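J.: I would like the atomic coordinates for the input below:
(chains A and B)
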Amino acid sequence: MIPQMRSILNEDGSCAEEFLDLVPDGDLVAILRAIALNRVMDRRLMTLQRQGRLGFYLTSTGEEAVTVGAAYALRKDDPIFLTYRELGALLWRQAPLNAIMNQLIGNTQDVNKGRQMPVHYCFREYHIPSVSSPVGTQLPHACGFGYAARLLKTGQVALAFLGEGAASQGDFHAALNFSGVLNAQAIFLIRNNGYAISTPESIQTRARSLAIRAEGYGIAGLRIDGNDLLAVVQAVKEAAERARSGGGPTLIEALTYRMGAHSSADDPARYRPEEEAQQWEQFDALARLRLHARWRDVWSDTMEEEAWADAEKAVSQMIADGERWPPPPVESLFDDVYERMPESLRTQKEEYLRFLREKKK
Amino acid sequence: MAELVQMNMIQALNNALDIYMQRELNAVILGEDAGAFGGVFRVTEGLQQKYGPERVFDTPLAEVGIVGAAIGMALGGLHPIAEIQFADFVFSAFDQIVSEAAKYRYRCAGQYSVRMVIRMPYGGGIRGGHYHSQSPEAYFAHTPGLRVVIPSGPYEAKGLLLAALDCPDPVIFLEPKKIYRSVKTHVPKDYYAIPLEKATVVREGRDATLVAYGSMMEVAREATLLAEGEGYDVEVIDLSSILPYDLKTVLASVEKTGRLVVIQEAPRTCGFASELLAEVQQRAFTRLRAPLQRVTGFDTPFPYALEEHYLPDKERVLDVLRRTIEF
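T.: Numbering: from 1, shown residues only, chains lettered A, B, ... in the order given. Down below sits the predicted model:
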């Protein structure tokens, strides 16, 4: 049986009173502002990429109810294992914009020392482990972390994001099966946005739901409206409470839509009709949340204008600050491979630095 | 004076794990059949009974899950010790090892790192055919960020495993299963560690340097005795670690002998021996008196009925030593 898609927000922005406490008014406003910031960053950074000032970028426009909502529903010290499309989670965790920009550029100020492509974030201070490109490898990590949390009694719950494409990987199967058996304090949150680059969901699986797989692992599973912030918050809160109290992991399938391209190297016009994205606009995460906030009477035109203006200003400042810094020094290329640099690598470093010195003469 | 006990390699490894589990309360052991049963080779025998099923446990049958979950456990503050039942089955976890464990520290500039040991029996000589005999060390030795450690006997197994367990980097620990039980030696009962990245000259000699690791050390010793009978004085080095490895000790020896033979049971092309030969010829070129040589398995899949032809033995090594010294 295909699980029903759970949603809370009605078409007119209203919702049943019992759900209002999920996100109090003040938080709702803060979330709207975070989504506005997410959108401005996506637009401005994509432009920066087009201008050749950024090597690569990847937007998450349209999926912010999932990314911000999940981070909102968790404890601040719950690790979030990201893919490359969850900027909203970082913004909700208050990772400084400068730190994000420094990663995107890979400059001297980047806490990751410019080691990875843009959007491969890692901010331990905010409990964000390192993003990598192979799809799905983060899933067993969330399982293992969730097991460690149980053994060490830290009370943490590990949440891993994934796209629906990653659900085709062997790592997905291993992670969910192990999590069930090990009773890991973990949540697996699928952003089912319809596409893995150009490949539609229908080619990832013949099944009509991904959430249904939970049954096969003996764990909780549910399917939610991923553009409905309250539905996301409710599902993640419920899953986190279940995990923290020893009730086991949860698989959540959040249905959403990738409004933009896969990445700066992609052109969706080649594989999907433009009308499709347009049709989604009215059901978009921001549109729906705005309507809800207006229904609650906590969001005005002035507040909306302010949110966009503030975001533009913050992003301009962030870009200007980030671009001031040069790439990391060449010596740092050889650091952090091991805790201590081995003799063999020291030799390679010395030989290369000598070459550079002699080249300059 | 440390108390010595007779142990085979299985017992020595078990003893090392026991010492570590007792000391490090965050250490956990996981693997297929590694819990209640104590592992198919019995290396973890008795440990679940002693440390409980939360610290020593069986996993579902999926190597990618074992390694992937172990990485997450390390990120979450545990010290995982993962067992892969046979090195031949590690490849489904290859992505997790080379893309994740090996690169974690580097890619986030040390904010997180993966402290873990992945143990796996490797190598031929047990009539195991393709999938219970291979020596995959070169795949891992080609991956910066990993350590690849291979003990050659019970004493080395315990000391190196304890060093690996105390090491903050991810370690691939390859155990030569052919000599798991065949050799017993005196092993100190208490904690001791043999430094990683450090080769040992196990026999001094003037005429040639013979380098090996793991089960091929036994072959090296046998060949050296045969060579001695023919009047050749061979220096033997146990490499112990092949990533990072101790080039200095090998170079010092070759500068003295002028000749080098490296043994590996893995296939020849792009094996670890090739790497060692390349470094030595570059750095000791003017001291060399003969072409550098390898004795290796062949560039075929590991055979079943003909494995004794595939594996380097003392006769093949002697033949190459002879031709190197008489060059």
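J.: how about the helix or strand harbouring residue A:293: buried residues?
T.: Using DSSP states H and E, residue A:293 sits within helix A:285-296. Across helix A:285-296, burial judged by 16 or more other CB atoms under 10 Å in any protein chain shown covers A:285-286, A:288-293, A:296. Placement of C-beta: from N, CA and C, glycine included.
J.: mind giving me the packing neighbours of it?
T.: On a contact count with 3 or more CB pairs under 8 Å, 6 or more residues apart in numbering or on different chains; DSSP states H and E, helix A:285-296 meets helix A:25-50, helix A:64-73, helix A:229-244.
J.: wait, residue A:32 sits on residue A:307?
T.: Yes: applying CB atoms under 8 Å as the test, residue A:32 and residue A:307 come out as touching, 6.4 Å apart.
J.: okay, the two: which has more neighbours?
T.: residue A:32 (23 against 20; other CB atoms under 10 Å in any protein chain shown).
J.: tell me who's in contact with that one.
T.: A:286, A:289-290, A:293, A:299, A:303, A:307 (CB atoms under 8 Å, 6 or more residues apart in numbering or on different chains).
J.: give me the residue from the stretch 201-350 of chain A nearest chain B.
T.: Nearest to chain B, among the residues of the stretch 201-350 of chain A, is residue A:342, at 3.4 Å (CB to the nearest CB).
J.: where does that residue land on pLDDT?
T.: For residue A:342, the model assigns a pLDDT of 96.
J.: again with residue A:274
T.: At residue A:274, the pLDDT value in this model is 86.
J.: which residues of chain A score low on pLDDT?
T.: Within chain A, the stretches with pLDDT under 70 are A:1-2.
J.: all helices for it, in order.
T.: A:25-50, A:64-73, A:87-92, A:97-105, A:138-152, A:170-182, A:201-204, A:213-217, A:229-244, A:274-281, A:285-296, A:301-323, A:343-360 (DSSP state H).
J.: would CSV of the ones you listed with distance to residue B:281 be doable?
T.: Formatted as CSV, those follow (distance: least, CB to CB, whole Å):
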stretch, distance to residue B:281
helix A:25-50, 46
helix A:64-73, 54
helix A:87-92, 50
helix A:97-105, 42
helix A:138-152, 42
helix A:170-182, 42
helix A:201-204, 51
helix A:213-217, 54
helix A:229-244, 57
helix A:274-281, 60
helix A:285-296, 62
helix A:301-323, 47
helix A:343-360, 16
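J.: nearest to residue B:88, of the ones you listed?
T.: helix A:170-182 (17.7 Å; CB to CB).
J.: so how far is that closest one off the chain centroid?
T.: 21 Å (CA atoms, centre = their mean, to the nearest Å).
J.: which residues does that helix contact?
T.: Surrounding helix A:170-182, the residues in contact under the criterion CB under 8 Å, 6+ apart are A:136-137, A:139-140, A:142-143, A:146-147, A:160, A:162, A:166, A:184, A:186, A:188, A:213-214, A:217-219, A:248-249, A:251, B:57, B:59-60, B:62, B:64-65, B:68-69, B:92, B:95-96.
J.: which of those residues are buried?
T.: In the contacts of helix A:170-182, the ones that pass as buried (16+ other CB under 10 Å) are A:136-137, A:139-140, A:142-143, A:146-147, A:160, A:162, A:166, A:184, A:186, A:188, A:213-214, A:217, A:219, A:248-249, A:251, B:57, B:59, B:62, B:64-65, B:68-69, B:92, B:95-96.
J.: show me what from the stretch 151-300 of chain A comes close to chain B.
T.: Residues of the stretch 151-300 of chain A that fall close to chain B, judged by CB under 8 Å from any CB of the partner chain: A:151-152, A:154, A:156, A:158, A:170-171, A:173-175, A:177-178, A:181-182.
J.: for ChimeraX, write a command that selects the buried ones of those.
T.: Only the buried entries of those go into this ChimeraX selection, using 16+ other CB under 10 Å:
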select /A:151,156,158,170,171,173,174,175,177,178,181,182
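J.: what is the nearest of the residues of the stretch 151-300 of chain A next to chain B to residue A:278?
T.: Of all these, residue A:278 sits closest to residue A:171, with 34.8 Å by CB to CB.
J.: not counting its neighbours along the chain, what's nearest that closest one?
T.: Take residue A:171 and drop its neighbours on the chain: the residue closest to it by CB to CB, 6 or more residues apart in numbering or on different chains is residue A:136, 3.9 Å away.
J.: quick one, what contacts the one you found?
T.: A:162, A:166, A:169-172, A:175.
J.: which of those sit farthest apart?
T.: Within the contacts of residue A:136, two members stand farthest from each other by CB to CB: A:162 and A:170, at 13.1 Å.
J.: which residues touch stretch A:241-252?
T.: Applying CB under 8 Å, 6+ apart, the set of residues contacting stretch A:241-252 is A:143, A:146, A:150, A:155, A:157, A:176, A:179-180, A:183-190, A:210-211, A:213-214, A:217, A:219-224, A:235-236, A:238-239.
J.: residue in the stretch 151-300 of chain A with the shortest distance to chain B?
T.: residue A:174 (3.3 Å).
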